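>>> Here's my sequence, what's the structure:
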Amino acid sequence: MRMVDLIEKKRDGNELSTKEIDYIITNYTSGNIPDYQISALLMAIFYQDMTDREITDLTLAIAHSGDVIDLSPLDGIKVDKHSTGGVGDTTTLILAPLVASVGVTVAKMSGRGLGYTGGTLDKLEAIPGFKIELPDEEFIRIVNDSKVAVIGQSGNLAPADKKLYALRDVTATVDSIPLIASSIMSKKIAAGADAIVLDVTTGDGAFMKNIEDARRLAKTMTSIGKLANRQTVAVISDMSEPLGEAIGNSLEVVEAIDTLKGNGPEDLVEMCYALGSQMMVLAKQAATIDEARVQLKEALESGKALLKFKEMIQNQGGDPSVVDQPERLLTAKYVSELPAKESGIVSKLVANELGIAAMMLGAGRKTKDDAIDHAVGLKLNKKIGDPVQEGESLLTIYSNEEDISSVKELLYQNIEISDSAEKPTLIHDIITE
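Below is the predicted model of the structure:
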């Protein structure tokens, strides 16, 4: 097989066979195919697209390019949840203990944040002592004992994806649906999931800015799931404003604790119920979505989910007393308010720009090697559709630097107040296949 022939085949709009896709991924991972040839192939895929069968073959080839985690020693159906990214997305911190408290097995591998999107691992590391790296045996033991553990991805999980992603980043081929879908699904399959619930976000703070692209990505990924024998459901959710009220690592842990105590922001709680009920049905812990919601509500209101979060922290070496005293996590030197310049209704909170403002404070990374400051971030006091009086605080800023004038300027540019505004629809669609 010659790589140049395969590039030509895809360039001319023809389908690559399973064997050809395996050849490409195996030889690229081992260093036998140079970057310039893969770059040409990526651009051909970008323009010519791929069939569902090709995308599934690509996904499975990437998934099997390194370690594939065997979760068979764990009881029950292993359901994983993945979000395509957003701002203030605290759902994993709440969902993992919530669904585990009603019997779902959660053996979760999460990632770090990059740019304006936060990462679950960074949030968990805001909890003193919390270990995100565990030996395989300990990970399996903890999940078997208490139904839940959240750790970082192993270094050799889908190595082909790491190489392809780095190349896509510098060849203008990031926003190709076959390439996005195969990247996400390959990691979920390599991580050992039996079933997958996807939160496909859309809007300013999401990768998919419009709902048509989000729907197409969701349908592509559920189709991969079906062809790869993994039951997959995609929830298309709104990210035109941040989810919940907190943006920043410690702040989001505090928000997760508040939510597990029954005091969470309405949109964040609803998102957890929507995703959690899908996870329960896929895990066969509930027969219907309605039945699942009843169980989740009971687990949240009774304090069962909060106890599970405490147990999860303790099992992974963290200090569980932060659940009782979450204010201990709020260690930023300076706390200031952003007052409204006029009265009216909040009509715009541009999610990605608010995420960038939090990143400027030190809550996020510009490059993957940047250190982050867990203490800093933003707490929204108003959301879209809320009335506000001139001088009233729109949001609270937690910083470790006194001069944050450039952050305030960016925030004012991306918050609008009008005469009227409707609250955004949180869930646009649910795709099952």
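>>> so who does residue 372 touch?
Going by CB atoms under 8 Å, 6 or more residues apart in numbering, residue 372 touches 113, 122, 249, 362-365. No exception for glycine: its C-beta is placed from N, CA and C like everyone else's.
>>> Narrow these to those in strands?
Counting by DSSP state E, no part of those is found in strands.
>>> out of the residues you listed, who's nearest residue 204?
Nearest to residue 204, judged by CB to CB, of the contacts of residue 372 is residue 364 at 16.0 Å.
>>> next one: the helix or strand hosting residue 348 to chain centre, how far?
Using DSSP states H and E, residue 348 falls within strand 344-349. In terms of CA atoms, centre = their mean, to the nearest Å, the centre of strand 344-349 is found 26 Å from the chain centre.
>>> In this structure, where is pLDDT below threshold?
For the chain, no stretch is flagged by pLDDT under 70.
>>> can you pull the contacts of the most centrally placed residue in it?
Central residue of the chain (CA atoms, centre = their mean): residue 83, 3.3 Å from the mean position. Applying CB under 8 Å, 6+ apart, we find residue 83 in contact with 89, 91-92, 198-199, 201.
>>> Which residues does it form beta bridges with?
When bridges are called by DSSP bridges, residue 83 pairs up with residue 199.
>>> That one and residue 355: what is the separation?
14 Å (CB to CB, to the nearest Å).
>>> Ok, residue 224 next?
28 Å.
>>> Kindly report the same for residue 127.
Between residue 127 and residue 355 the distance is 22 Å, computed by CB to CB.
>>> if we can go back for a sec, only the buried subset of the contacts of residue 372, as a ChimeraX command please.
The buried subset of the contacts of residue 372, as determined by 16 or more other CB atoms under 10 Å, is captured in ChimeraX by this line:
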select :113,122,249,362,363,364,365
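>>> In TSV: the contacts of residue 372, plus distance to residue 418.
Below are the contacts of residue 372 laid out as TSV (distance: CB to CB, whole Å):
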residue	distance to residue 418
113	31
122	34
249	32
362	32
363	28
364	29
365	34
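>>> and the contacts of residue 372, which of them are in helices?
Judged by DSSP state H, these include 122, 249 as members of helices.
>>> Return the member of the contacts of residue 372 nearest to residue 340.
Nearest to residue 340, judged by CB to CB, of the contacts of residue 372 is residue 363 at 22.9 Å.
>>> Contact partners for the nearest residue to the closest one once chain neighbours are set aside?
The shortest distance from residue 363 to any non-neighbouring residue, by CB to CB, 6 or more residues apart in numbering, is to residue 248 (4.2 Å). Under the criterion of CB under 8 Å, 6+ apart, the neighbours of residue 248 are 118, 358, 361, 363, 374-378, 398.
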